[in-house]
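Engineer: Sequence and predicted structure below; questions after.
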Amino acid sequence: MNTSTVRAPSSALPATSPFQIQNCRLKLLEERFRLGSVLLPSGSPISMKTFIPRDQGDFLYSLIRGIKPLSTLEIGMAYGVSSLFIAEALRENGMGTHTAIDPFQNSEWGGVAIKGLKDAGLNTLVTLIERSSHQALPELETKGFRAQFIFVDGSHLHDHVMVDFVCCDRLLDVGGLIVFDDSDWPAISSVIRFVLTNRSYEIAYPEIIIEKKMPKPSLSAKVLRAVVTAVPSLEKCFSPSFLVSDWDRGIRGRCVVLRKTASDVRDSQAQIFTPF
Ligand SMILES: C[S@@+](CC[C@H](N)C(=O)[O-])C[C@H]1O[C@@H](n2cnc3c(N)ncnc32)[C@H](O)[C@@H]1O
């Protein structure tokens, strides 16, 4: 755990580069990205409104092909695009099962994700839990569920994402990966900043940037930060989020991967908190 000052990722990061992204060749996915639509169980097409981009899907797929998890978990299925990338990677690994949590899979999404998984012959690898994540995750913990890879893409409210992180951390093995979608949203980047400064996690694969959205610090911002950090009395007047930019922390695109480096052994009665 990093209990001192906020740090940017440094050369102390493990040598995870170069990481090669492979293309997932699942025909159903290629068709979905080509048409931008998906079939309802009734057979009628509807256009997809919310889903991860192709390069992010390939990134998730490649991570799973690389780490060969026994168990993966996802919060938020919608049309099942991310579920298809994840389940196809497991099928190609020849090992592992996937658990997906989405309270609205049938009521709001017409069961489209489940139909897609069935059409692709991947449904036997996937278990759907139709509950809100704040209910489903503690239930999984009670049952002794463990995961080595987790994709968080459910509710995008800051406090909900924080709860998702806290509950997912209790299921994730040390060395496992937790991936946040829409990490460029302030509600989500702030959770990631908290995790990086207060919990035993590190950025994995900062060199892989999906949709280059986060601004690199400008020269003037760098100079200002250098001046402020050189003067301790001045440094106290600025927030840590100003002193170390998201870019310098490794939060650079719409998808951030964190690796869990140790179990949580903090004393819950100690005053341990690093501003982020
Ligand atoms: C952005 S969509 C997920 C897209 C999907 N991961 C993909 O790329 O194909 C967000 C999903 O989160 C689900 N969701 C919303 N609130 C949730 C909650 N409290 N727990 C779990 N899932 C939730 C929604 O039903 C929706 O399917």
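Structural biologist: Thanks, I have the structure now.

Engineer: Got the phi and psi for the residue of the chain positioned farthest from its centre?
Structural biologist: Taking Cα atoms, centre = their mean as the measure, the residue most remote from the mean C-alpha position of the chain is residue 233, 36.5 Å away. Main-chain torsions, residue 233, degrees, to the nearest 10: phi -70, psi -30.

Engineer: any idea how far the ligand is from it?
Structural biologist: Noted for residue 233: a distance of 44 Å to the ligand, by Cβ to the nearest ligand atom, to the nearest Å. (Each C-beta comes from the backbone N, C-alpha and C, glycine too.)

Engineer: can you check residue 187 too?
Structural biologist: 13 Å.

Engineer: And the strands in the stretch 101-250 of the chain, which stretches?
Structural biologist: With DSSP state E, counting those that start in this stretch as the definition, the stretch 101-250 of the chain shows strands at residue ranges 126-129, 147-152, 172-181, 201-204.

Engineer: and the angle for the longest one with strand 147-152?
Structural biologist: With axes from the mean of the first three to the mean of the last three Cα atoms, to 10 degrees defining the directions, strand 172-181 sits at 20 degrees from strand 147-152.

Engineer: Strand 172-181 pairs with which strands?
Structural biologist: Strand 172-181 sits in its sheet next to strand 147-152 (parallel), strand 255-260 (antiparallel), going by DSSP bridges.

Engineer: before we move on, what about the last one?
Structural biologist: Each strand pairing with strand 201-204, determined using DSSP bridges, is listed with its direction: strand 255-260 (antiparallel).

Engineer: coming back round to it: will you turn the strands paired with strand 172-181 into CSV that also has distance to the ligand, mean pLDDT and mean neighbour count?
Structural biologist: Output for the strands paired with strand 172-181, formatted as CSV (distance: least, Cβ to the nearest ligand atom, whole Å; pLDDT from 0 to 100; neighbours: other Cβ atoms under 10 Å):
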stretch, distance to the ligand, mean pLDDT, mean neighbour count
strand 147-152, 7, 98, 26
strand 255-260, 11, 98, 25
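
Engineer: Let's have these in a markdown table, adding distance to residue 77.
Structural biologist: Shown next, in a markdown table, are these (distance: least, Cβ to Cβ, whole Å):
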| stretch | distance to residue 77 |
| --- | --- |
| strand 147-152 | 10 |
| strand 255-260 | 17 |
